[in-house]
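Novice: structure for the following, please:
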Amino acid sequence: MNTPLTIKETQDGLKQKKFSAVELVDAYLAQIKKYNKEYNIFLTVTEDLAYAKAKELDKIGKFDEPLSGVTIAYKDIFLTKDIRTTAGSKILESYVPVYSATSVKKIENAGAIPIGKLNCDAFAHGSSGENSDFGATLNPWDKDYIPGGSSSGSGAVLSANMSLISTGTDTCGSIRLPANYNYLVSLKPTYGAVSRYGVIAMASSLDTVGPLARTIEDVETIFNVIKGEDGFDGTVVNKKGDESKKSKFKIGIPREFFIEGLDSEIEKNIQEVINVYKKENVEFVDVSLPSTKYGISVYYIIQPAEVSSNLGRFDGIRYGNDRDFLGEEAKRRIMLGSYVLSAGFYDSYYDKAMRVRSKIISEVDQVFMKDEVDALIAPVAPTPPFKLGEKINDPLSMYLTDVYAATANLCGIPSLALPSGFTKNNLPLGFQLMGPRFSEHQLFELGKLYHKEIDYKPKTAF
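Specialist: Residues are numbered from 1 along each chain as shown. Below you'll find the model as predicted:
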């Protein structure tokens, strides 16, 4: 397996008996054994379970389910029955769930082979992967750099070719940042498209569950498996977006997203992306989202408020480990959240933030409706991957990593992150396309149009 496989290539190879499911597991486990200690990507490797599932598939000899024979690695915030789930925190170091998340069940019912649980920022608090209680994940493209967070292992596992697909959660870019920093495709779905049941909550009005893979087609396949109602998450609906094929697209360029502070290599790369789209007769128009400049401030009021509530359940009585195990970032967010919700400050901070959030949603809706744009193009982050330790002692600088991610989460709209090149230091570059609610199909079409024009080929770091 010198080159990364896609889902289709994997299943075609299995059907044509070019290799077996067991041989695939052999290959991925060999990568894990060779590189995991150095890059700290997996927290738990489910070797026995992977071989058992692979042998079962080989014995049946049919690979007709959407994910038959495909190896999957889960961010360690997804509950997995009888498999340790830590959320990257020492508090849950020995916690073994008695049931699996809905998305886990759907993926495995679709034939996937679970290969392990992935490192992440503790309780998903972070943009870099450095806040895990089990140590930072390193970026396989250059181990001096961060892989993005909080789904750090979910990005690194694919660029290290240790699995075919992975899952993550995105509360403010936590799927898109690792994809962006690892030359991957990922989807932050519409809020309410995918069940969050069985996924450890961070900020309940912002959390989303989504896939990472190396191609748009693979991300689309996974999304179609995990989406839809399950009877457990009341926010989920089976609503379908417009799935007709469009002959012409219009993309908005929000002027507020291309201002001072954006890295020049990223800005140049996105202009090259726009030029590629223009060759395909995609129309671009300037649009304005004036309130989005407050998005990151709004996010860092609402999110800590919800975190302070959700983390209240993790105590020594139920989970066996003292709350002293809470990391500095978790403590920081609990204190911020408790403060903005406290008497005398609720109106000044939380209520005001919720009003601005409504204003941002209104402005974004107006752009899609009034300006009739099919999507918005934006950077995923203001800079390429930064060095390990560079921002760890400067929380405000770290939070600004999320500045371009916040809009999609605050508005509940889908965003597709796409790889589009490399920096002069050979670090991955990408961009995101945000669409109206439940417009995932349209984003996939736009993504495929771009990748077809540039003759995109998946790449791994080694």
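Novice: how far does stretch 101-112 sit from the chain's center?
Specialist: Computed by Cα atoms, centre = their mean, to the nearest Å, the chain-centroid distance of stretch 101-112 equals 17 Å.
Novice: same question, stretch 73-80
Specialist: 13 Å.
Novice: could you export it as CSV, CA atoms only?
Specialist: This file holds the C-alpha atoms of stretch 73-80, laid out as CSV (Å, rounded to 0.1, in the frame of the first residue of the first chain):
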residue,chain,number,x,y,z
ALA,A,73,-10.7,5.2,13.2
TYR,A,74,-12.8,7.3,15.7
LYS,A,75,-12.0,10.4,17.5
ASP,A,76,-11.8,9.3,21.1
ILE,A,77,-14.9,11.4,22.0
PHE,A,78,-17.2,8.9,20.3
LEU,A,79,-18.6,6.2,22.7
THR,A,80,-17.6,2.7,21.5
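Novice: could you shift the numbering so residue one becomes 109, and keep it that way?
Specialist: With 109 as the first residue, the last one maps to stretch 181-188.
Novice: if you count neighbours, what's buried in it?
Specialist: Burial within stretch 181-188, assessed by neighbour count using 16 or more other Cβ atoms under 10 Å, is assigned to 181, 182, 183, 184, 185, 186, 187, 188. (Each C-beta comes from the backbone N, C-alpha and C, glycine too.)
Novice: do the same with stretch 371-387
Specialist: Within stretch 371-387, the residues scored as buried using 16+ other Cβ under 10 Å are 373, 374, 377, 378, 381, 384, 385.
Novice: where's residue 171, which helix or strand?
Specialist: Secondary structure assignment for residue 171, by DSSP states H and E: no helix or strand.
Novice: isn't it up against residue 122?
Specialist: Yes - using Cβ atoms under 8 Å, residue 171 is in contact with residue 122, at 4.7 Å.
Novice: pLDDT (mean, whole number) over the helix or strand containing residue 556?
Specialist: For residue 556, the element it lies in under DSSP H and E is helix 548-562. Averaged across helix 548-562, the pLDDT comes to 97.
Novice: what's it packed up against?
Specialist: Where contact means 3 or more Cβ pairs under 8 Å, 6 or more residues apart in numbering; DSSP states H and E, helix 548-562 is packed against strand 293-296, helix 324-334, helix 372-387, strand 483-486, strand 523-530, strand 536-542.
Novice: the fifth one pairs with which strands, parallel or anti?
Specialist: Spelled out, that is strand 523-530. Partners of strand 523-530 in the sheet, by DSSP bridges, are strand 293-296 (antiparallel), strand 536-542 (antiparallel).
Novice: related to what we said a few turns ago, more neighbours: which of residue 171 and residue 122?
Specialist: residue 122 (22 against 19; other Cβ atoms under 10 Å).
Novice: from memory the more buried one sits against residue 130, does it?
Specialist: No - using Cβ under 8 Å, residue 122 is not in contact with residue 130; the gap is 10.6 Å.
Novice: circling back to that earlier point, could I get the helices and strands packed on helix 548-562 as CSV with distance to residue 363 and mean pLDDT?
Specialist: Shown next, in CSV, are those (distance: least, Cβ to Cβ, whole Å; pLDDT from 0 to 100):
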stretch, distance to residue 363, mean pLDDT
strand 293-296, 23, 98
helix 324-334, 27, 98
helix 372-387, 13, 98
strand 483-486, 11, 98
strand 523-530, 19, 98
strand 536-542, 15, 98
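Novice: now render the ones you listed as a markdown table, adding distance to residue 460.
Specialist: Converted to a markdown table, the helices and strands packed on helix 548-562 look like this (distance: least, Cβ to Cβ, whole Å):
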| stretch | distance to residue 460 |
| --- | --- |
| strand 293-296 | 26 |
| helix 324-334 | 35 |
| helix 372-387 | 31 |
| strand 483-486 | 25 |
| strand 523-530 | 26 |
| strand 536-542 | 25 |
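Novice: which element is residue 448 on?
Specialist: Going by DSSP H and E, residue 448 is in helix 436-449.
Novice: by contact count, what packs against that helix?
Specialist: Packing contacts for helix 436-449, counted by 3+ Cβ pairs under 8 Å, 6+ apart, involve helix 403-418.
Novice: list the buried ones in the helix it packs on?
Specialist: For helix 403-418, a neighbour-count test (16+ other Cβ under 10 Å) marks 403-404, 406-418 as buried.
Novice: now stretch 336-353
Specialist: Neighbour-count burial for stretch 336-353, counted by 16+ other Cβ under 10 Å, picks out 336, 338, 341, 344, 349.
Novice: so among these, where is pLDDT lowest?
Specialist: residue 349 (75).
Novice: could you give the number of residues near the nearest residue to it once chain neighbours are set aside?
Specialist: Nearest residue to residue 349, sequence neighbours excluded (Cβ to Cβ, 6 or more residues apart in numbering): residue 546, at 3.8 Å. Using other Cβ under 10 Å, residue 546 is surrounded by 20 other residues.
Novice: which of the three states applies to residue 546?
Specialist: When classified by DSSP: H, G, I helix; E, B strand; the rest coil, residue 546 comes out as coil.
Novice: from memory it sits against residue 522, does it?
Specialist: Yes - counting by Cβ under 8 Å, residue 546 does reach residue 522; the two are 7.5 Å apart.
Novice: identify the contacts common to those two.
Specialist: Residues touching both residue 546 and residue 522 (Cβ atoms under 8 Å, 6 or more residues apart in numbering) are 298, 301.
Novice: residue 295 against residue 548, yeah?
Specialist: Yes - with contact defined as Cβ under 8 Å, residue 295 and residue 548 form a contacting pair (6.7 Å).
Novice: neighbour count winner among those two?
Specialist: Neighbour comparison, residue 295 and residue 548: the larger count goes to residue 295, with 31 against 26 (by other Cβ under 10 Å).
Novice: the more buried one and residue 252: what is the separation?
Specialist: Computed as Cβ to Cβ, to the nearest Å, the residue 295 to residue 252 distance reads 29 Å.
Novice: one step back: in helices, which of the buried residues of stretch 181-188 appear?
Specialist: Taking DSSP state H, every one of the buried residues of stretch 181-188 sits outside helices.
Novice: state the pair within those residues that is farthest apart.
Specialist: Using Cβ to Cβ, the buried residues of stretch 181-188 reach their maximum pairwise distance at 181 and 187, which is 14.9 Å.
Novice: ok, the residue nearest to residue 349 - contacts?
Specialist: Contacts for residue 546 (Cβ under 8 Å, 6+ apart) come out as 298, 301, 347, 348, 349, 522.
Novice: so which of those sits lowest on pLDDT?
Specialist: Among these, residue 349 has the lowest pLDDT, at 75.
Novice: surely it meets residue 551?
Specialist: No - with contacts counted by Cβ under 8 Å, residue 349 stays clear of residue 551, the gap being 9.4 Å.
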